[in-house]
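Q: fold the following for me, if possible:
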Amino acid sequence: MTLDSVKIIGVVGAGTMGLGIAQIAALAGYNTLLYDVNNEMLEKAIQIIDENLEKGILKGKITKEQKTDTLDRITVIDDINGLIADIVIEAIAERLDVKQQVFAQLEKINSSNTILATNTSSIPITQIACKLQHPNRFVGMHFFNPAHIMKLVEVISGVDTDFSVAELIKKLAIKLGKTPVMANDSPGFIVNRVARHFYLEGLKLVEEGVADFESIDRLVQSTGFKMGPFQLMDLIGVDTNYSVTTSMFNAFQQEAKFRPNRIQKQKVDAGHIGRKSGKGFYSYESNA
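A: Numbers count the residues shown, from 1 in each chain. Model (predicted):
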């Protein structure tokens, strides 16, 4: 398969990451299938994409015609059997068993040329692909939140990933306006492995009473970062961040430096998971 032969891109999951990936795929000219089992999620996703595109018009980044064309290229579906595409990108919960089940279904209904990609933040690519009949056409394509704005994309090769498949995904990322970085398979890949301690050390400082989270964020911002660790966790989703930390902790055989923090766990248990819930380390309820 060549990049020119890619006409349809499928996206699994209409959550924050999935809708962002669908938006940029359609904006780049691809007919895009956005799949989710939840019709309310699909309706909300289209609404958010519409709002994102409208902001793009106001900022002079796209035209009204581009917005209309982009929305016209997106088809929402709630039956996985309709998810037939040249490339399918999965963006669902960070659970190995669920991802394996979804990809097993996708492999059965799609052609032998279809490339299957995962947006996983931390689960090893080889581990997800191990039950597939053709793991050679499975690859990691890890976007960052918000996907329609953040430029970086990690392209991760599993043990069996064909070089040509990874190269095609790299070219696709460039066409989508992204900056791809090639990586080999490892828990957390590059960014999440390096960034894990950005979050965990901040949490430890709060836990030990060294400083409060607002002071830590202000200090980090004063050094040049756009966001501190707690602001960034709220943006990503405290639950998502905690899930990635837990996944990496287990993948590294419970190595102490990756141990999830109890403060973050309490936030998740309380439902204070960041911007998307109206409350995380900060309150966003007045902006809801």
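Q: surely Asn261 meets Leu200?
A: Yes. Counting by C-beta atoms under 8 Å, Leu200 is a contact partner of Asn261 at 6.2 Å. Using the backbone N, CA and C atoms, a C-beta is placed for each residue, glycine as well.
Q: quick one: common contacting residues for those two?
A: Jointly contacting Asn261 and Leu200 under the rule C-beta atoms under 8 Å, 6 or more residues apart in numbering are Thr245.
Q: quick one, helices of this structure?
A: For the chain, the helices defined by DSSP state H occupy 16-27, 39-58, 64-73, 96-109, 125-129, 163-175, 191-207, 213-222, 229-236, 238-251, 262-270.
Q: okay, those helices in CSV with mean pLDDT next?
A: Formatted as CSV, these follow (pLDDT from 0 to 100):
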stretch, mean pLDDT
helix 16-27, 97
helix 39-58, 97
helix 64-73, 98
helix 96-109, 96
helix 125-129, 96
helix 163-175, 98
helix 191-207, 95
helix 213-222, 97
helix 229-236, 95
helix 238-251, 92
helix 262-270, 97
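Q: most tightly packed of these?
A: Greatest average neighbour count among the helices of the chain goes to helix 16-27 (a mean of 26), per mean count of other C-beta atoms under 10 Å.
Q: and that one with helix 64-73, angle?
A: What separates the directions of helix 16-27 and helix 64-73 is an angle of 110 degrees, with axes from the mean of the first three to the mean of the last three C-alpha atoms, to 10 degrees.
Q: other SSEs contacting helix 16-27?
A: Secondary-structure packing of helix 16-27 (3 or more C-beta pairs under 8 Å, 6 or more residues apart in numbering; DSSP states H and E): strand 8-12, strand 31-35, helix 39-58, helix 64-73, strand 74-77, strand 138-143.
Q: helices and strands around the shortest one, which ones?
A: What it means is strand 74-77. Using 3+ C-beta pairs under 8 Å, 6+ apart as the contact test, the elements touching strand 74-77 are helix 16-27, strand 31-35, helix 39-58.
Q: one more time with 10 Å, if that's ok
A: strand 8-12, helix 16-27, strand 31-35, helix 39-58 (3 or more C-beta pairs under 10 Å, 6 or more residues apart in numbering; DSSP states H and E).
Q: buried residues, that strand. List them.
A: For strand 74-77, the neighbour count (16 or more other C-beta atoms under 10 Å) marks 74, 76 as buried.
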